[in-house]
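Asker: Pasting the sequence and the predicted coordinates here, then a few questions.
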Amino acid sequence: MRIAERNSESSEHENRTETNLKELVRLSSRLGATDAAVISTHDISVEDHLANLCREPQCENYGLSARCPPNVSGPSGFRKALKNYNHAIVFKIDLPSEILLSNQRREVFTLLHEIAATIEQSAVEMGFCDSKAYAGGSCKQLFCNNQADCRVLTQKGECRNPQKARPSMSGFGINVSKLMESAGMPYGQVTLETEAEEISIGTVCGLVLIGG
């Protein structure tokens, strides 16, 4: 009887988890994501050389934020953290490439961080207390561009934007192309043909580890 009860509880837990993950995917779309999917954390590829690109050639945001290298745990820390998770939500935003090359780029990446942070918080409220979100772009450039420095780094204080700013995937060596492939999503520049013209489409994406 006890074995049957345990099996029943396990089945209920799995069903509840599946239901919650589907709801988080739907939430992604409501928040502005073009597409989203649940993947196994075993499908997340972490490569040291990708994280090293933040340092050489040095990114203009290197060392400016507590959420960017060299102030994050990097690939080794991320691999260790992954062992505590089974599922992740991957989402993307598709938009004309010209926007990514314009002054609107900041707005796009701000939205990316906000979607990631909201999914993370929603997952926590569902009981996945250790959920952790990652996005793209430097939070210093996005949220504290008018500030002289990152308060966490220079003043040992609290982040000015804890509800929005999330670490960049780049600093952890996450292979975004393989991430999109695992999620079954087209990634990179594609050309969309309309009746009037051809439009080049670019993609930005985020990742939320679900667990706890």
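Answerer: The structure has been received and is ready for your questions.

Asker: helix, strand or coil for residue 204?
Answerer: Under the three-state scheme (DSSP: H, G, I helix; E, B strand; the rest coil), residue 204 adopts strand.

Asker: List the contacts of it.
Answerer: By C-beta atoms under 8 Å, 6 or more residues apart in numbering, the contact set of residue 204 is 92-93, 95, 100, 108-109, 112, 136-137. Heads up, the C-betas are built off the backbone N, CA and C, glycines and all.

Asker: For it, give the beta-bridge partners.
Answerer: Beta-bridge pairing of residue 204 under DSSP bridges involves residue 93.

Asker: Local confidence estimate at it?
Answerer: pLDDT recorded at residue 204 is 94.

Asker: next one: residue 4
Answerer: At residue 4, the model reports a pLDDT of 51.

Asker: which stretches of this structure aren't confidently modelled?
Answerer: For the chain, residues meeting the criterion pLDDT under 70 lie at 1-10, 188-197.

Asker: Which stretches in it count as strands?
Answerer: For the chain, the strands defined by DSSP state E cover 35-40, 87-96, 132-134, 190-193, 198-210.

Asker: now those as TSV including distance to residue 57?
Answerer: Listed next are those as TSV, based on distance: least, C-beta to C-beta, whole Å:
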stretch	distance to residue 57
strand 35-40	30
strand 87-96	26
strand 132-134	22
strand 190-193	27
strand 198-210	21
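
Asker: of these, which approaches residue 79 most closely?
Answerer: strand 198-210 (12.3 Å; C-beta to C-beta).

Asker: Buried residues of that closest one, list them for me.
Answerer: With burial defined by 16 or more other C-beta atoms under 10 Å, the residues of strand 198-210 counted as buried are 201-210.

Asker: And those, which is closest to residue 176?
Answerer: Set against residue 176, the nearest of the buried residues of strand 198-210 by C-beta to C-beta is residue 205 (6.1 Å).

Asker: Just list the residues touching that closest one, thanks.
Answerer: Neighbours of residue 205 in contact, by C-beta under 8 Å, 6+ apart: 90-93, 112, 136, 176, 179-180, 185, 187.

Asker: Please report how far the nearest residue to residue 119 once chain neighbours are set aside lies from residue 85.
Answerer: In this structure, residue 119 finds its nearest non-sequential neighbour in residue 208, 4.7 Å apart by C-beta to C-beta, 6 or more residues apart in numbering. Distance of residue 208 to residue 85, given as C-beta to C-beta, to the nearest Å: 10 Å.

Asker: same thing with residue 202?
Answerer: The gap separating residue 202 from residue 85 is 28 Å, by C-beta to C-beta.

Asker: What of residue 172?
Answerer: Using C-beta to C-beta, residue 172 is found at 13 Å from residue 85.

Asker: before we move on, what about residue 24?
Answerer: Distance from residue 24 to residue 85, by C-beta to C-beta: 14 Å.

Asker: Residue 132 too?
Answerer: 8 Å.

Asker: so how far is residue 20 from the nearest residue to residue 84 once chain neighbours are set aside?
Answerer: What sits nearest to residue 84 in space, not counting adjacent residues and going by C-beta to C-beta, 6+ apart, is residue 211, at 5.9 Å. Taking C-beta to C-beta as the criterion, residue 211 is separated from residue 20 by 12 Å.

Asker: okay, and the common contacts of those two?
Answerer: With C-beta under 8 Å, 6+ apart, residue 211 and residue 20 have common neighbours residue 128.
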